[in-house]
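> sequence and predicted structure below; questions after.
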Amino acid sequence: MPGRSDLAGRPDWSQAFDDPIPLPHREPLTTLRQAGEYIAALPAKDQRQARWQTAAEITPHGRRRPRPACPYARIAMLRALHHGAPPRAPEPRPRSAGR
């Protein structure tokens with residue numbers, strides 16, 4: 001288990017997301033490092049948009065804290081990527097045979 005100084009002083013950019021972040025026409029993002037590099041590679045105009053500012057602020061928090069913070073970084077990335085897209089319809093639940 002990393003000590004406090006490890007978490008605060010030397011962030012672990014290799015921390016993996018529980019589920020990869022799918023990207024169109026590209027391999028999915030699997031680590032905080034890849035998410036940070038993706039944001040850094042965006043044009044400056046896009047980086048200034050609120051959704052990417054949020055993702056950029058949350059992603060570093062994911063690398064400084066223990067495991068539970070990583071899902072928040074993933075959610076911020078997904079929200080930034082899918083901004084303005086209509087929400088997906090929920091999958092239909094299977095009906096039981098008795099109904």
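Received the coordinates, thanks. Owing to the predicted nature of the structure, the values given are computational and were not obtained by experimental measurement.

> so which strand or helix has H83?
Using DSSP states H and E, H83 maps to neither a helix nor a strand.

> look up how far H25 lies from it.
For H83, the distance to H25 equals 18 Å [CB to CB, to the nearest Å]. Placement of C-beta: from N, CA and C, glycine included.

> check the offset of the longest strand belonging to the chain from the chain's centre.
Assignment by DSSP state E gives strand 16-23 as the longest strand of the chain. Distance of strand 16-23 from its chain centroid, counting by CA atoms, centre = their mean, to the nearest Å, is 7 Å.

> for that strand, name the packing helices and strands.
strand 26-31, helix 32-41, helix 70-81 (3 or more CB pairs under 8 Å, 6 or more residues apart in numbering; DSSP states H and E).

> packing partners for the second one?
Read that as helix 32-41. When contacts are defined as 3+ CB pairs under 8 Å, 6+ apart, helix 32-41 packs onto strand 16-23, helix 50-64, helix 70-81.

> tell me, how many residues neighbour Q34?
If you count neighbours by other CB atoms under 10 Å, Q34 ends up with 20.

> circling back: deepest-packed of the helices and strands packed on helix 32-41, please.
Counting by mean count of other CB atoms under 10 Å, helix 70-81 has the highest mean neighbour count of these, with a mean of 19.
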